[in-house]
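**Q** take this sequence and fold it.
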Amino acid sequence: MQPYTHDELLAFLNEMLEAERAGAKALLHISKEAHDAPAAALAMAVHHDEARWCAMLTAAIRLQGGAPSQATGAFYEKVLAITDEKARLNFVNRGQGWVVKKLKDAIPRIADEHLAKDLGVMLVSHEENIAKVNASGFAG
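**A** Residues are numbered from 1 along each chain as shown. Reported below is the predicted structural model:
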């Protein structure tokens, strides 16, 4: 498997940044609209995690000499179009699963060991968030 070129790496990091931004905004929206306080707290906890990854990705892009995208992924609008609370959380979990897959595919192609490690932590965090939402009973 060939390592990413510089341009490919920046494109990947920006794609992840846009996805994380969409997830963070969607989860904030979900937390504010949730009818159940524990569901709102769960959405807010995952939102904070998504925001943390936005910051990490922004810093990584800058360290690579790139410009962080200001765009928000289309995922955000898709989440807002869903009105059922459980269906929204299920959709968010599917989005988290998409990020997991993208990270698993990308990490072996990243030559920068520090960045690969950070993305590995991000991967585990997303897997843990998926498990938390699944175990919560708020998605089904």
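**Q** the helices in the chain, which residues?
**A** With helices called from DSSP state H, the chain shows them at 6-33, 37-63, 75-80, 85-106, 113-136.
**Q** buried set for the first one?
**A** The neighbour-count criterion (16 or more other C-beta atoms under 10 Å) identifies 9-10, 12-31 as the buried residues of helix 6-33. To be clear about C-beta, it is placed using only N, CA and C from the backbone, and glycine gets the same treatment.
**Q** could you check the angle helix 85-106 makes with that helix?
**A** Orientation check (axes from the mean of the first three to the mean of the last three C-alpha atoms, to 10 degrees): helix 6-33 against helix 85-106 gives 160 degrees.
**Q** tell me the gap between helix 6-33 and the middle of its chain.
**A** 5 Å (C-alpha atoms, centre = their mean, to the nearest Å).
**Q** packing partners of it?
**A** helix 37-63, helix 75-80, helix 85-106 (3 or more C-beta pairs under 8 Å, 6 or more residues apart in numbering; DSSP states H and E).
**Q** of those, which is nearest Val121?
**A** For Val121, the closest of those is helix 37-63, at 8.6 Å, according to C-beta to C-beta.
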